[in-house]
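> give me a model of this one.
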Amino acid sequence: MTDPSETRPDPLQDLRAEMFKHTSYPGTDALVAVILKNQETPAEVKQTVHDAGRSREYPFEGGWKVMCPYTGQSFDHDLFHIEKGRWNHEHCDGCQGSIGVGGSCWVAETEDDFFVICDNCYDKLID
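Below you'll find the model as predicted:
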């Protein structure tokens, strides 16, 4: 059996170090929808999360929370609520390591996507 990490394409393959700007991760509020067990995820929740570009799911006994960064976008108040400061880390697009609030990171935006990487992955781009 092949290790899936061996066949996954490198998301940074076509990026160059000079495309990135150094910053510290500020964190943000999160839009949160609660989906109860055996409930279909509403199409509007799926679309809002898709439009945000990043999301996370957190299971709990009666269902799960679907969360995405809140950046001021409009949302359905019947489906979502805001949790202050809840988007408190980001995952490096290179190694999937966690970058916490205040942590050093590098960001780049292309026509089609947005990338956040840690210092180690940035160093690999330089090499």
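> confidence score at the residue at minimal distance from the centre of the chain?
With distances taken as CA atoms, centre = their mean, the residue of the chain nearest its centroid is residue 54 (3.6 Å). Looking at residue 54, its pLDDT reads 89.
> residue ranges for the strands of this structure, please.
Ranges of strands in the chain, per DSSP state E, are 21-24, 28-36, 56-60, 63-70, 81-87, 89-91, 98-100, 104-109, 114-117.
> and those strands as JSON lines, adding mean neighbour count and distance to residue 47?
To be clear about C-beta, it is placed using only N, CA and C from the backbone, and glycine gets the same treatment. Shown next, in JSON lines, are the strands of the chain (neighbours: other CB atoms under 10 Å; distance: least, CB to CB, whole Å):
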{"stretch": "strand 21-24", "mean neighbour count": "11", "distance to residue 47": "29"}
{"stretch": "strand 28-36", "mean neighbour count": "18", "distance to residue 47": "11"}
{"stretch": "strand 56-60", "mean neighbour count": "12", "distance to residue 47": "16"}
{"stretch": "strand 63-70", "mean neighbour count": "19", "distance to residue 47": "11"}
{"stretch": "strand 81-87", "mean neighbour count": "14", "distance to residue 47": "17"}
{"stretch": "strand 89-91", "mean neighbour count": "17", "distance to residue 47": "22"}
{"stretch": "strand 98-100", "mean neighbour count": "15", "distance to residue 47": "27"}
{"stretch": "strand 104-109", "mean neighbour count": "17", "distance to residue 47": "22"}
{"stretch": "strand 114-117", "mean neighbour count": "19", "distance to residue 47": "18"}
